[in-house]
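1. When you get a sec, could you give me coordinates for this:
(chains A and B)
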Amino acid sequence: VSAKSPFASASTDDHGAIHSSAHVAYAALKRDIVTGRARPGAALHEGELAAALAVSKTPIREALGRLVREGYVDVRPRKGYRVTDLTLADVAELFAIREMLEPAAVASAARHASPGQVERLWDLAPVSYDTEDDDAFERSVAADRRFHLALADASGNGRLAVALRSLLEAFERLYFMGPRLRQAAAEETVGHQALVDVLRNGDAEAARAVADLHARLDRERVMTALLAAGLEPPVARSARDASDTSR
Amino acid sequence: MTGQGRASAGSVPRPTTTGRVYDRLKHDILTCALHPGAVVNEVHLSTALGVSKTPVREALAMLVDEGFVIVEPRRGYRVRDITLADVQEIFHLRTVLEPGAAAFAARRYDAIDVRSLQRMAAGAASATPFGTADRAFHTALADASGNARLALLLHRLLEEVYRLHMTGLVIAAPHAPRLHQDLVAAIGQGDADRAHDIAARQVELDRKLVMDALAIAMTSGSTPSVRVGIVPH
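-> Coordinates of the predicted model:
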């Protein structure tokens, strides 16, 4: 249960009892950025956010500061805060790191994961994607995240897990960038069970190979979707089958 | 404190004050002037540095994000300890990331300043293992990868290695001769595979040096800053 989006609706927040208001603001803002409700390039105003979340400006400033450090928001002198763009180069960077971290994490997990952790992974492995409904899609992405985070934790290396966590969060932004990327996200789940199977056998090298393949296939699928969604020139579109272009 | 700030005050945080406090704290933590386990008090800090509590709190939040400071419920902030498990995690992660970074650097050798890397390699090779020159070289190597996120991850690990060095850990053996220079040579030739292999070898040798030094320090009780933690390997 997360805080209400300051973009979706203004509301007082009563989940704050557990978390500090800065954390609640941080989580709400980040969710809006990841899901694309706050679009790349959108201006973020301290005052408006404070009003929308019914908190003072101090926690908003803290939340924004953290999002700046995490690369979701940037600050420009005299202009204030802005949601960062996600460029193709950023995505390539993310994949390059993921292709190092995830196979290593899975190999470590094959060595160190307890039977309990393996069972938990098995339970989390089946993720069914609903790409039609927004909320359902968000839940699918969250379920996918839980699997990958459990996998990261099973590595037994806390720093590796932290690095993977922030990487996965950055990846999620991609999946909310239009229907083609939703589709790419949905196909991503293929292989979770296979991953847990090799992990269960304790064969670190086999596990590494499967994770490596998994990451590479993901890269291909997402890059293809991104190119198709973002770089398809209108000329090419109109040159296609006329019956297909209902604009 | 920063009331001098012009019209923009209120819309943009003052990165200068927070940044200054952050730099100072980070420096003290990495050099162990603030030793592992030390209690960090918000009020004392703001008095000592002559700033308000807000930049201190912001700087501490950054250090918490980075894992150098921990928050203890109802007790405030503390500099994070270094355990044996931490050291193993750090070197494991370097093994995962650094060879890849070296390979990336080799693939874009024409976009990087190889000569400057060469100078730093020579400096690092003749200096104390894990000291300032060594850290500078590995930091530059991380940057040469051209992947800013990757570089940031590596910077953090290198800072941790530096802090470990600054606890007073005595490294008995010198660096393996020429490995730094060989690495830069491979990068300069655009030989990604070789750069990858040398970097992997180097991290492995560094890990051994540190683990041996830790074993000696722990049996003689001369490194109280590093606690024996859970050993996952």
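
2. Quick check: chain neighbours aside, which residue is closest to the residue nearest the centre of chain A?
-> The centre of chain A sits closest to residue A:172, judged by Cα atoms, centre = their mean, with a distance of 1.9 Å. Spatially, and ignoring its direct neighbours in sequence, residue A:172 is nearest to residue A:34 (4.9 Å; Cβ to Cβ, 6 or more residues apart in numbering or on different chains). (Each C-beta comes from the backbone N, C-alpha and C, glycine too.)

3. rewinding a little: is it correct that the residue nearest to the centre of chain A is in contact with residue A:145?
-> Yes - between residue A:172 and residue A:145 there is a contact at 6.9 Å, judged by Cβ atoms under 8 Å.

4. Quick check: which ranges of chain A have low pLDDT?
-> Across chain A, the ranges flagged by pLDDT under 70 are A:1-19, A:188-190, A:230-247.

5. Just list the residues touching residue 192, thanks.
-> With no chain named, the answer covers chain A. Residue A:192 makes contact with A:124-127, A:147, according to Cβ atoms under 8 Å, 6 or more residues apart in numbering or on different chains.

6. That was the other one, I meant chain B.
-> By Cβ under 8 Å, 6+ apart, the residues touching residue B:192 are B:103-104, B:106-107.

7. which stretch of helix or strand covers the residue lying closest to residue A:175 once chain neighbours are set aside?
-> Residue nearest to residue A:175 in three dimensions, not counting chain neighbours: residue A:185, with 3.9 Å by Cβ to Cβ, 6+ apart. Residue A:185 is part of helix A:179-187 when elements are defined by DSSP states H and E.

8. and the gap between residue B:145 and residue B:106?
-> Distance from residue B:145 to residue B:106, counting by Cβ to Cβ, to the nearest Å: 10 Å.

9. now the longest helix that chain B contains: how far from the chain's centre is it?
-> Taking DSSP state H as the criterion, chain B has its longest helix at helix B:192-220. Its chain's average C-alpha position is 16 Å from that of helix B:192-220, according to Cα atoms, centre = their mean, to the nearest Å.

10. mind listing what's buried in that helix?
-> Buried residues in helix B:192-220, counted by 16 or more other Cβ atoms under 10 Å in any protein chain shown: B:192, B:194-200, B:202-203, B:206-207, B:209-210, B:213-214, B:217.

11. Using CSV, write out every CA atom in stretch A:199-207.
-> Provided in CSV are the C-alpha atoms of stretch A:199-207 (Å, rounded to 0.1, in the frame of the first residue of the first chain):
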residue,chain,number,x,y,z
LEU,A,199,19.8,-22.5,-9.0
ARG,A,200,18.3,-25.3,-7.0
ASN,A,201,20.9,-27.7,-8.5
GLY,A,202,23.6,-25.5,-7.0
ASP,A,203,25.5,-25.4,-10.3
ALA,A,204,26.9,-21.8,-10.2
GLU,A,205,28.3,-21.8,-13.7
ALA,A,206,25.1,-23.2,-15.2
ALA,A,207,23.1,-20.6,-13.3
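
12. ok, that stretch near chain B or not?
-> No - shown here: stretch A:199-207 not in contact with chain B (Cβ under 8 Å from any Cβ of the partner chain), separated by at least 11.8 Å.

13. what's that stretch in contact with?
-> With contacts defined as Cβ under 8 Å, 6+ apart, stretch A:199-207 is touched by A:106-111, A:113, A:118, A:121-122, A:154, A:195, A:198.

14. For chain B, which segments count as helices?
-> Applying DSSP H to chain B gives helices spanning B:15-30, B:42-49, B:53-66, B:84-107, B:114-126, B:132-144, B:148-166, B:179-188, B:192-220.

15. What average pLDDT does the last one get?
-> Mean pLDDT, computed over helix B:192-220, is 91.

16. how about the residues of chain A near chain B?
-> Residues of chain A lying near chain B (Cβ under 8 Å from any Cβ): A:45-46, A:57-58, A:61-62, A:64-66, A:69, A:71, A:75, A:77-78, A:80-81, A:93-94, A:96-97, A:100-101, A:104, A:108, A:111-112, A:156-160, A:162-163, A:167.

17. Next step: these restricted to strands.
-> If you go by DSSP state E, those have A:75, A:80-81 in strands.

18. List buried members of these by neighbour count.
-> Buried subset of these (neighbour count, 16+ other Cβ under 10 Å): A:75, A:80-81.

19. so can I have TSV of those showing distance to residue B:127?
-> Below are those laid out as TSV (distance: Cβ to Cβ, whole Å):
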residue	distance to residue B:127
A:75	37
A:80	44
A:81	42
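
20. tell me which of those is nearest to chain B?
-> Closest approach to chain B among these (Cβ to the nearest Cβ): residue A:80, at 4.9 Å.

21. distance of that closest one from residue A:58?
-> 16 Å.

22. and if you look at residue A:164?
-> Counting by Cβ to Cβ, the separation of residue A:164 from residue A:58 is 31 Å.

23. Looking at these two, which is more packed in?
-> Between residue A:164 and residue A:58, residue A:164 has the larger neighbour count (other Cβ atoms under 10 Å in any protein chain shown), namely 23 against 15.

24. give the contact list for that one.
-> Each residue near residue A:164 by Cβ under 8 Å, 6+ apart is listed here: A:98, A:101-102, A:105, A:148-149, A:152.

25. circling back to that earlier point, what count of nearby residues applies to the residue nearest to residue A:175?
-> Residue A:185 has 26 neighbours, counted by other Cβ under 10 Å.

26. Equivalent analysis for residue A:77, please.
-> Using other Cβ under 10 Å, the number of residues around residue A:77 comes to 8.

27. Need phi/psi at it.
-> Here is the backbone geometry of residue A:77 (degrees, to the nearest 10): phi -50, psi 130.

28. Now the residue nearest to the centre of chain A: which helix or strand?
-> Counting by DSSP H and E, the element that carries residue A:172 is helix A:158-175.

29. From what I see, residue B:108 and residue B:147 are in contact.
-> No - if you go by Cβ under 8 Å, residue B:108 and residue B:147 don't touch, sitting 10.0 Å apart.

30. Between these two, tell me which one has more neighbours.
-> residue B:147 (24 against 15).

31. Apart from its neighbours in sequence, what residue is nearest the more buried one?
-> Closest residue to residue B:147 apart from its sequence neighbours, by Cβ to Cβ, 6+ apart: residue A:93 at 4.8 Å.

32. Quick check: closest non-adjacent residue to the residue nearest the centre of chain B.
-> What sits nearest the mean C-alpha location of chain B, by Cα atoms, centre = their mean, is residue B:159, with 1.0 Å. Among residues not flanking residue B:159 along the chain, residue B:30 sits closest, at 5.8 Å (Cβ to Cβ, 6+ apart).

33. Which residues are in contact with the one you found?
-> Residue B:30 touches B:159, B:162-163, B:166, counting by Cβ under 8 Å, 6+ apart.

34. How is residue A:127 assigned, secondary-structure-wise?
-> Under DSSP: H, G, I helix; E, B strand; the rest coil, residue A:127 falls in the coil class.

35. Tell me if I'm right that it and residue A:142 touch.
-> No - the pair residue A:127 and residue A:142 does not pass the contact test of Cβ under 8 Å, sitting 9.4 Å apart.

36. what about these two, which has more around it?
-> residue A:127 (20 against 12).
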